[in-house]
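> sequence and predicted structure below; questions after.
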Amino acid sequence: MIQTQPHPSRHRSLRDRQHLISGLLFTSPAIIGLLVFTAYPLGASLYYSFCSYSVLQPPRWTGLANYRLMALDIAHHGLLFQSVYNTLYFAAWSVPLGILVAYLLAILLNQPVRGLAFFRTLFYIPSVVPVVASSVLWLWLFNPQYGLINIALQHIGVGNPPGWLADPAWSKPALILMSLWGVGNSTVILLAGLQGVPAEYYEAAELDGASPWQRTIRITTPLMSPYLLFLFVMGLIGAGQYFTQAWVMTNGTGSPANSTLLYPMYLFQNAFQYFKMGYACAMAWFLFIFVAIGTLLLFKTAARYVTYGE
């Protein structure tokens, strides 16, 4: 009697199917969490952006009405326009300044000096301080009357120090200054990049008579450009989500005169104070599209100023 042997491909397909089932079982908690807590909220927010939805009543489909209201608000310089302007102003200053400060700190912390571990820890600590606690601290520092910053300015001869959060002209610079407090994470990333720059490049440049400034500009900065690009993209995304600090320091009002009413704050107000959830969802998708386009343009033009590899 001739016995037929199973085809090897049949064994492989059965084994692959068993591996697939085992893999899905092991990853099912993560998959379910992704679907329930990420995919569903994204889909729901997209649907609600085309609806009139007050949370208290069922959503009512209105098409592009929310987006038309946004366009009219921006055209007539309403609160949405103010929040967009405040956020762009904040991003235009805080992101480059934050990267510059982090880069300079990373260069300093990369020098072979005594107590280097202490200084690295010292500059990193502010980035792990709770955001609410640091916001309350800066609220005291920015106090126009007895804040430490104005007291120090008066001691060095500034007779009329800024009003900071009490003055519309200085409120956004105050938020930008406070944002520099948390550059520790960026400093650590740049410090890791600096330690990966080959020492042979510096030795060859030094033999050619290059000064420390020339070595920094011609060698260090081009090789650090991928890290700088990463921090710029993450800074752009973070500036679009800058919420807690401004909310705590202004008690959620965006005062004075809406000068600190950032886009995320106005979105939160529409969603949970004015109960305009549909309008808030439209704002959220507008922010997502804007950040996505900005990030895409950065990566499309990265080849012009980013150097990969040694």
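Here it is on my side, so go on.
> distance from the lengthiest helix in the chain to the middle of the chain?
In terms of residue count, the longest helix belonging to the chain (DSSP state H) is helix 79-109. Its chain's C-alpha centre and that of helix 79-109 lie 10 Å apart, by CA atoms, centre = their mean, to the nearest Å.
> ok, now stretch 209-222?
29 Å.
> same thing with stretch 290-301?
The offset between the C-alpha centroid of stretch 290-301 and the centroid of the whole chain comes to 14 Å, using CA atoms, centre = their mean.
> tell me how far residue 196 lies from residue 66.
According to CB to CB, to the nearest Å, residue 196 and residue 66 sit 47 Å apart. C-beta: built from backbone N, CA, C; applies to glycine.
> would you agree residue 46 is in contact with residue 285?
Yes: taking contacts as CB atoms under 8 Å, residue 46 lies within contact range of residue 285: 6.5 Å.
> looking at these two, which is more packed in?
Neighbour tally, residue 46 and residue 285, criterion other CB atoms under 10 Å: the higher count belongs to residue 285, 17 against 14.
> so where's this structure uncertain?
Along the chain, segments meeting pLDDT under 70 span 1-12, 309-310.
> assign the residue nearest to the spatial centre of it to helix, strand or coil.
Most central residue of the chain, judged by C-alpha distance to the mean C-alpha position with CA atoms, centre = their mean, is residue 238 at 1.4 Å. Classification of residue 238 by DSSP: H, G, I helix; E, B strand; the rest coil places it in helix.
> ok, it - contacts?
Residues near residue 238 by CB atoms under 8 Å, 6 or more residues apart in numbering: none.
> for the remainder of this discussion, apply numbering that starts at 19.
With the count now opening at 19, the last piece we talked about shows up as residue 256.
> quick one: it from residue 42, how far?
As judged by CB to CB, residue 256 and residue 42 stand 35 Å apart.
> burial of residue 319, as a residue count?
Neighbours of residue 319 (other CB under 10 Å): 11.
> quick check on it: phi, psi?
Its backbone dihedrals place residue 319 at phi -100, psi 0, with angles given as degrees, to the nearest 10.
> and for residue 70?
According to degrees, to the nearest 10, the main-chain angles of residue 70 amount to phi -90, psi 110.
> show me what the longest helix of the chain is packed against.
Counting contacts by 3 or more CB pairs under 8 Å, 6 or more residues apart in numbering; DSSP states H and E, helix 97-127 packs against helix 83-93, helix 134-142, helix 186-197, helix 202-212, helix 239-258, helix 281-290.
> okay, the fifth one in PDB with CA atoms only?
So that's helix 239-258. The C-alpha trace of helix 239-258 is given here as PDB (Å, rounded to 0.1, in the frame of the first residue of the first chain):
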ATOM      1  CA  THR A 239      26.900  71.600  13.000                       C
ATOM      2  CA  PRO A 240      26.700  69.700   9.600                       C
ATOM      3  CA  LEU A 241      27.100  66.300  11.300                       C
ATOM      4  CA  MET A 242      24.500  67.300  13.900                       C
ATOM      5  CA  SER A 243      22.000  68.400  11.300                       C
ATOM      6  CA  PRO A 244      19.800  65.200  11.500                       C
ATOM      7  CA  TYR A 245      19.500  65.700  15.300                       C
ATOM      8  CA  LEU A 246      18.600  69.400  14.800                       C
ATOM      9  CA  LEU A 247      16.000  68.500  12.200                       C
ATOM     10  CA  PHE A 248      14.500  65.900  14.600                       C
ATOM     11  CA  LEU A 249      14.300  68.500  17.400                       C
ATOM     12  CA  PHE A 250      12.800  71.100  15.000                       C
ATOM     13  CA  VAL A 251      10.000  68.800  14.000                       C
ATOM     14  CA  MET A 252       9.300  67.700  17.500                       C
ATOM     15  CA  GLY A 253       9.400  71.400  18.600                       C
ATOM     16  CA  LEU A 254       6.900  72.300  15.900                       C
ATOM     17  CA  ILE A 255       4.600  69.600  17.100                       C
ATOM     18  CA  GLY A 256       5.100  70.500  20.700                       C
ATOM     19  CA  ALA A 257       4.400  74.200  20.100                       C
ATOM     20  CA  GLY A 258       1.100  73.300  18.500                       C
END
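> how far out from the middle of the chain is that helix?
Here the centre of mass of C-alpha atoms in helix 239-258, compared against the chain's by CA atoms, centre = their mean, lies 10 Å away.
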